[in-house]
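Chemist: Give me a model of this one.
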Amino acid sequence: MDDKYINRYKSLVKSHSNLLMSQSADISDPFVLPATVQNYNLTFDLSWKVMKEVLLHEFGIEDFTGGSPSQTLRKGFSVGLIEDDTWMVMLHVRNTLAHDYDGKIALKYFHDITGKYSELFSEFIERISSCYE
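Modeler: Purely as a prediction, here's the structure:
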(Lines give C-alpha, C1' and ligand atoms only; values in the text may rest on other atoms or scores of the structure.)
Protein backbone atom coordinates (compact mmCIF):
# COMPACT_ATOMS: atom_id res chain seq x y z
CA MET A 1 0.00 0.00 0.00
CA ASP A 2 1.19 3.49 -0.68
CA ASP A 3 1.90 6.18 1.89
CA LYS A 4 -1.62 7.65 1.75
CA TYR A 5 -3.13 4.40 3.00
CA ILE A 6 -0.45 3.82 5.59
CA ASN A 7 -0.91 7.37 6.92
CA ARG A 8 -4.67 6.85 7.22
CA TYR A 9 -4.06 3.63 9.15
CA LYS A 10 -1.60 5.41 11.46
CA SER A 11 -4.18 8.16 12.01
CA LEU A 12 -6.71 5.49 12.94
CA VAL A 13 -4.34 3.96 15.49
CA LYS A 14 -3.59 7.38 17.01
CA SER A 15 -7.24 8.39 17.13
CA HIS A 16 -8.14 5.12 18.81
CA SER A 17 -5.33 5.63 21.31
CA ASN A 18 -6.75 9.07 22.11
CA LEU A 19 -10.21 7.56 22.53
CA LEU A 20 -8.86 5.01 24.98
CA MET A 21 -7.72 7.85 27.24
CA SER A 22 -11.38 8.59 27.91
CA GLN A 23 -11.66 5.27 29.75
CA SER A 24 -9.71 6.64 32.69
CA ALA A 25 -10.80 10.26 32.39
CA ASP A 26 -13.14 11.98 34.82
CA ILE A 27 -16.41 12.42 32.93
CA SER A 28 -17.24 15.45 35.09
CA ASP A 29 -14.33 17.39 33.59
CA PRO A 30 -15.87 19.73 31.03
CA PHE A 31 -13.56 18.70 28.18
CA VAL A 32 -13.92 14.90 28.53
CA LEU A 33 -17.33 14.37 26.97
CA PRO A 34 -16.76 16.57 23.90
CA ALA A 35 -13.27 15.12 23.40
CA THR A 36 -14.62 11.59 23.68
CA VAL A 37 -17.29 12.30 21.08
CA GLN A 38 -14.76 13.91 18.74
CA ASN A 39 -12.34 11.01 19.08
CA TYR A 40 -15.13 8.47 18.66
CA ASN A 41 -16.40 10.12 15.49
CA LEU A 42 -12.90 10.37 14.05
CA THR A 43 -12.04 6.78 14.99
CA PHE A 44 -15.26 5.48 13.49
CA ASP A 45 -14.81 7.44 10.26
CA LEU A 46 -11.20 6.37 9.88
CA SER A 47 -12.17 2.76 10.63
CA TRP A 48 -14.71 2.44 7.85
CA LYS A 49 -12.42 4.25 5.39
CA VAL A 50 -9.49 1.99 6.26
CA MET A 51 -11.84 -0.99 6.03
CA LYS A 52 -12.82 0.12 2.54
CA GLU A 53 -9.15 0.35 1.54
CA VAL A 54 -8.42 -3.13 2.91
CA LEU A 55 -11.42 -4.54 1.04
CA LEU A 56 -10.19 -2.95 -2.18
CA HIS A 57 -6.48 -3.66 -1.89
CA GLU A 58 -6.30 -6.89 0.09
CA PHE A 59 -9.51 -8.63 -0.97
CA GLY A 60 -9.92 -7.12 -4.44
CA ILE A 61 -13.56 -6.27 -3.77
CA GLU A 62 -14.59 -3.33 -5.91
CA ASP A 63 -18.37 -3.54 -6.24
CA PHE A 64 -18.96 -0.96 -3.52
CA THR A 65 -16.29 1.64 -4.31
CA GLY A 66 -18.76 4.50 -4.11
CA GLY A 67 -20.05 2.86 -0.98
CA SER A 68 -21.37 4.40 2.13
CA PRO A 69 -20.21 3.45 5.60
CA SER A 70 -23.07 0.95 5.92
CA GLN A 71 -22.17 -0.74 2.61
CA THR A 72 -18.54 -0.92 3.67
CA LEU A 73 -19.47 -2.40 7.05
CA ARG A 74 -21.63 -5.05 5.40
CA LYS A 75 -18.76 -6.03 3.07
CA GLY A 76 -16.31 -6.01 5.97
CA PHE A 77 -18.60 -8.32 7.89
CA SER A 78 -19.01 -10.64 4.90
CA VAL A 79 -15.23 -11.21 4.66
CA GLY A 80 -14.56 -11.36 8.40
CA LEU A 81 -12.91 -7.99 8.98
CA ILE A 82 -15.50 -7.35 11.63
CA GLU A 83 -17.50 -9.98 13.45
CA ASP A 84 -20.17 -8.02 15.21
CA ASP A 85 -23.28 -6.28 13.94
CA THR A 86 -22.70 -3.74 16.70
CA TRP A 87 -20.80 -1.80 14.03
CA MET A 88 -24.14 -0.82 12.50
CA VAL A 89 -25.22 0.42 15.93
CA MET A 90 -21.95 2.33 16.15
CA LEU A 91 -22.75 4.00 12.82
CA HIS A 92 -26.15 5.00 14.16
CA VAL A 93 -24.54 6.42 17.31
CA ARG A 94 -22.05 8.39 15.23
CA ASN A 95 -24.88 9.85 13.16
CA THR A 96 -26.97 10.60 16.25
CA LEU A 97 -24.10 12.37 17.99
CA ALA A 98 -23.97 14.87 15.12
CA HIS A 99 -27.28 16.23 16.44
CA ASP A 100 -26.34 16.30 20.12
CA TYR A 101 -26.32 19.96 21.05
CA ASP A 102 -26.46 19.70 24.82
CA GLY A 103 -24.36 16.58 25.52
CA LYS A 104 -27.24 14.39 26.70
CA ILE A 105 -26.80 11.87 23.89
CA ALA A 106 -23.05 11.75 24.45
CA LEU A 107 -23.62 11.10 28.12
CA LYS A 108 -26.04 8.29 27.27
CA TYR A 109 -23.47 6.55 25.04
CA PHE A 110 -20.25 7.41 26.93
CA HIS A 111 -19.80 3.99 28.56
CA ASP A 112 -20.61 2.12 25.33
CA ILE A 113 -18.09 4.27 23.45
CA THR A 114 -15.32 3.84 26.00
CA GLY A 115 -16.17 0.19 26.58
CA LYS A 116 -17.49 -2.17 23.93
CA TYR A 117 -17.09 0.18 20.95
CA SER A 118 -13.45 0.86 21.84
CA GLU A 119 -12.91 -2.89 22.15
CA LEU A 120 -14.37 -3.45 18.68
CA PHE A 121 -12.03 -0.79 17.29
CA SER A 122 -9.12 -2.58 18.99
CA GLU A 123 -10.14 -5.92 17.47
CA PHE A 124 -10.45 -4.39 14.01
CA ILE A 125 -7.06 -2.65 14.23
CA GLU A 126 -5.44 -5.90 15.39
CA ARG A 127 -7.11 -7.86 12.58
CA ILE A 128 -5.84 -5.52 9.84
CA SER A 129 -2.44 -4.61 11.28
CA SER A 130 -0.62 -7.18 9.14
CA CYS A 131 -1.86 -5.37 6.02
CA TYR A 132 0.20 -2.34 7.04
CA GLU A 133 3.49 -3.94 8.06
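
Chemist: ok, the closest residue to residue 55 other than its chain neighbours - how many residues close by?
Modeler: With sequence-adjacent residues excluded and distances taken as C-beta to C-beta, 6 or more residues apart in numbering, residue 55 is closest to residue 61, at 4.6 Å. In short, each C-beta sits where N, CA and C put it, glycine included. Applying other C-beta atoms under 10 Å, we find 18 residues neighbouring residue 61.

Chemist: tell me the contacts of residue 61?
Modeler: 55, 75, 79 (C-beta atoms under 8 Å, 6 or more residues apart in numbering).

Chemist: So which of the residues you listed belong to strands?
Modeler: Taking DSSP state E, every one of the contacts of residue 61 sits outside strands.

Chemist: Which among these count as buried?
Modeler: Those of those that meet the buried threshold are 55, 75, by 16 or more other C-beta atoms under 10 Å.

Chemist: same question for the helix ranked longest in the chain, mean pLDDT?
Modeler: Identified as the longest helix of the chain according to DSSP state H is helix 32-57. Over the span of helix 32-57, the pLDDT mean works out to 97.

Chemist: Give me the packing partners of it, helices and strands only.
Modeler: Identification of packing neighbours for helix 32-57 by 3 or more C-beta pairs under 8 Å, 6 or more residues apart in numbering; DSSP states H and E yields helix 3-20, helix 69-78, helix 86-97, helix 104-112, helix 118-128.

Chemist: Tell me what angle the second one forms with helix 32-57.
Modeler: So that's helix 69-78. Angle of helix 69-78 versus helix 32-57, following axes from the mean of the first three to the mean of the last three C-alpha atoms, to 10 degrees, is 60 degrees.

Chemist: and what of the last one?
Modeler: Taking the same axes, to 10 degrees, one finds helix 118-128 and helix 32-57 inclined to each other by 30 degrees.
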